[in-house]
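Asks: Next one to model:
(one chain, ligands or ions: 1)
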Amino acid sequence: MTQLIVVSAPSGAGKTTLCNRLLSDFPQLTLSISSTTRAPRGQEQDGREYFFLAKDDFEERIRSDRFAEWALVHGNYYGTSKEVIESAFAEGRSVLFDIDVQGAAILRKTYGKDCFLVFISPPSVEALEARLRKRATDNEETIQRRLKNARAEMARTGEFDLVIINDDLERAYLELKSAVSQRLPGSNGC
Ligand code: 5GP
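Replies: I've put the predicted structure just below:
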């Protein structure tokens, strides 16, 4: 049976690493590739990390109801196409979503108990700030915007089935892996 595993986290909380490890440990899980209007970063490729769309194109798809959920995140549109979810249900595949808390709440509303919502939290806003500064990819304005968003997202953890504090990546991953293995058909429930 199809399970929708949704992982949300403020940026800098370690979500991408945790999601990549899930994908390699659970071959029955496929990543939902979102669409976005933000520009590709670094080595990102269209159709691999995201479908990169022009703003007009994205807005046209909103009007024609092609997204299961969409949100404005850090000033850009991001969305999950209905097609991704519908084909997963048709094929009985489970899907991993790396989306923000707004998107997680909408998927929960639409797909109810087929969704498992996990929030990865930094130990504190101060710890997140230290991590963002250490990775040194963002300017001061971006760091401040990410911290503001993080506070707002961390205030909504009550909407999630599981909150994992990422104070230690290895421990956090084991907690995530154990929870996901209990949800996925064909896992040994380790
Ligand atoms: P980034 O630009 O760093 O790849 O992603 C920024 C934020 O947008 C992350 O929190 C990510 O989880 C979120 N995001 C990515 N795809 C989607 C999506 O399809 N829907 C929603 N609601 N958020 C998304």
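Asks: From here on, just use CA atoms for contacts and neighbour counts.
Replies: Fine.
Asks: Residue 55 contacts residue 37, correct?
Replies: Yes: counting by CA atoms under 8 Å, residue 55 touches residue 37, with 5.7 Å between them.
Asks: anything in contact with each of those two?
Replies: Common contacts of residue 55 and residue 37 (CA atoms under 8 Å, 6 or more residues apart in numbering): residue 77.
Asks: Of these two, give the one with the bigger neighbour count.
Replies: Between residue 55 and residue 37, counted using other CA atoms under 10 Å, the more crowded position is residue 37 (21 against 14).
Asks: The more buried one contacts residue 59, doesn't it?
Replies: No: counting by CA under 8 Å, residue 37 stays clear of residue 59, with 9.8 Å between them.
Asks: Which positions in the chain make contact with the ligand?
Replies: Within the chain, the positions lying close to the ligand (CA under 6 Å from any ligand atom) are 8, 10-11, 34, 70-71, 73, 78-80, 98-100, 102-103.
Asks: Could you count how many residues lie near residue 66?
Replies: 16.
Asks: Revised request: answer the last question for residue 140.
Replies: Residue 140 has 12 nearby residues by other CA under 10 Å.
Asks: Could you do the one 10 residues further on as well?
Replies: Using other CA under 10 Å, residue 150 has 22 neighbouring residues.
Asks: Numbering from 18 from now on, please.
Replies: Renumbered: residue one is now 18, and that last one reads residue 167.
Asks: For the closest residue to it other than its chain neighbours, pull up the helix or strand it's in.
Replies: In this structure, residue 167 finds its nearest non-sequential neighbour in residue 27, 4.9 Å apart by CA to CA, 6 or more residues apart in numbering. Per DSSP states H and E, residue 27 falls between elements, in no helix or strand.
Asks: Could you list the low-confidence segments of this protein?
Replies: Applying pLDDT under 70 to the chain flags the ranges 205-207.
Asks: distance between stretch 71-86 and the chain's centre?
Replies: Computed by CA atoms, centre = their mean, to the nearest Å, the chain-centroid distance of stretch 71-86 equals 19 Å.
Asks: give me the number of residues near the nearest residue to residue 116 once chain neighbours are set aside?
Replies: Once flanking residues are discounted, residue 116 sits nearest to residue 25: 5.5 Å by CA to CA, 6+ apart. Neighbours of residue 25 under the rule other CA under 10 Å: 25.
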